[in-house]
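The amino acid sequence is not available; the structure is as follows:
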């Protein structure tokens, strides 16, 4: 959530920045400013009435002590009127504050200066590419054929049990999945991230805190009876550990990693580009989250990018990194880098990670702050990244490592799987 003071003091800059997202913020920004003015004016009026009421209470006490009951009764009548007025103003203030919050929720984050102009994924900038694209043998197959051939993932069984988009991992497929989770967590903890296990359901406050609501309302699975949401990413519960927390500056950075399944109703159309593991309703992901001093967050983002690079290098998968344009960034992000793996059998790039800096957008919602050495309290910055999302990494391994004899396991994973080939 953008800060009201920034919107009020830098109206034109905010509107211009959000235009980079192809988002016309003029009407909402002006509504925010008008509601904020009304809120502040109402608060001043209410404060004045409360101050006057407090003064009268003291005067009444003094009059009663001096025996001037008649004068005290007159003042009591006035305090009753003031109490009624303060109640009325409190109701107005609450209503205006709620309207103001709802308007603020409509505004996405302002993009960082280096975010490129653009409307779609076609306008993203390729900033890095590495790894040789393997030459596959004649008759090589896409992963959705290979998983049937080797009986390692069963989509039909998942559909029987639940619905399309909920696969069942079997045998060596299940072990490879578990190996990837363990490997990713070990890489993250070795890099200094503290591992946590978090709930897979969150309350509404948590979903609002990281920006999933109201932006992605309808895309999340919602249990209406208990008013809880299945998480779309571990970012939500992990970041909310620090909701309403004031850290000390020397506690920064906070670095956390966690594995969770992820649940997303919005899975897109089912066609050639979303077959198999390319798009799922339930999938596994290992996440890294950082809470940083504002002066260090963009350096930290670069470090997160390098961390994911190292994982891709150890997996020996060809990959590239894209800096997302304004029109393709997530609602809460100020700057995002996407990692994509090249699927040789599909002859296309598959997104496997997003690494983002949210700056103060989430912390303003979360009321996540830190106290500086000067004693002043300010909003921290939050960052998160996938390290990594499993389905397309798994698809890349299955396709790129296929041989006529079977699917070779990347060397770095063999100590986790206990086998070196799926055949």
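Received, thanks. Quick caveat, the model's predicted, so the values are computed rather than measured.

how about the strands in the stretch 301-423 of the chain?
319-323, 335-343, 348-359, 369-371, 377-379, 381-389, 402-403, 406-408, 421-422 (DSSP state E, counting those that start in this stretch).

Same question for the stretch 151-300 of the chain.
For the stretch 151-300 of the chain, the strands defined by DSSP E, counting those that start in this stretch occupy 153-154, 168-169, 194-196, 201-203, 222-223, 228-230, 246-248, 254-263, 282-292.

who touches stretch 91-104?
Stretch 91-104 has contacts (C-beta atoms under 8 Å, 6 or more residues apart in numbering) with 1-2, 4, 28, 31-32, 35-36, 38-39, 42-43, 46. Heads up, the C-betas are built off the backbone N, CA and C, glycines and all.

So which bits of that stretch are buried?
Applying a neighbour-count criterion of 16 or more other C-beta atoms under 10 Å, one finds 93, 96-97, 100, 103-104 buried in stretch 91-104.

where does the stretch 251-400 of the chain have low pLDDT?
Applying pLDDT under 70 to the stretch 251-400 of the chain picks out residues 266-273.

could I get the strands of the stretch 301-423 of the chain as a markdown table with distance to residue 242 and mean neighbour count?
Formatted as a markdown table, these follow (distance: least, C-beta to C-beta, whole Å; neighbours: other C-beta atoms under 10 Å):
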| stretch | distance to residue 242 | mean neighbour count |
| --- | --- | --- |
| strand 319-323 | 27 | 21 |
| strand 335-343 | 21 | 23 |
| strand 348-359 | 13 | 22 |
| strand 369-371 | 10 | 20 |
| strand 377-379 | 12 | 14 |
| strand 381-389 | 8 | 26 |
| strand 402-403 | 43 | 20 |
| strand 406-408 | 41 | 18 |
| strand 421-422 | 41 | 20 |
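
Let's have those in JSON lines, adding distance to residue 71.
Compiled in JSON lines, these are given as follows (distance: least, C-beta to C-beta, whole Å):
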{"stretch": "strand 319-323", "distance to residue 71": "73"}
{"stretch": "strand 335-343", "distance to residue 71": "66"}
{"stretch": "strand 348-359", "distance to residue 71": "58"}
{"stretch": "strand 369-371", "distance to residue 71": "48"}
{"stretch": "strand 377-379", "distance to residue 71": "46"}
{"stretch": "strand 381-389", "distance to residue 71": "58"}
{"stretch": "strand 402-403", "distance to residue 71": "95"}
{"stretch": "strand 406-408", "distance to residue 71": "93"}
{"stretch": "strand 421-422", "distance to residue 71": "93"}
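
okay, who's weakest in the contacts of stretch 91-104 by pLDDT?
Least confident of those in the model: residue 1, at 92.

can you pull the contacts of that one?
Contacts for residue 1 (C-beta under 8 Å, 6+ apart) come out as 104-105, 107, 211, 361, 364-365.

Relative to residue 106, how far out is it?
Here the criterion is C-beta to C-beta, to the nearest Å. By it, residue 1 lies 10 Å from residue 106.

Same check on residue 99?
11 Å.

From residue 35, how far off is the closest residue to residue 244 other than its chain neighbours?
Closest residue to residue 244 apart from its sequence neighbours, by C-beta to C-beta, 6 or more residues apart in numbering: residue 367 at 5.1 Å. Using C-beta to C-beta, residue 367 is found at 20 Å from residue 35.

Likewise for residue 196?
Distance, residue 196 to residue 35, using C-beta to C-beta: 38 Å.

Now for residue 347: which residues touch it?
No contacts exist for residue 347 under C-beta under 8 Å, 6+ apart.
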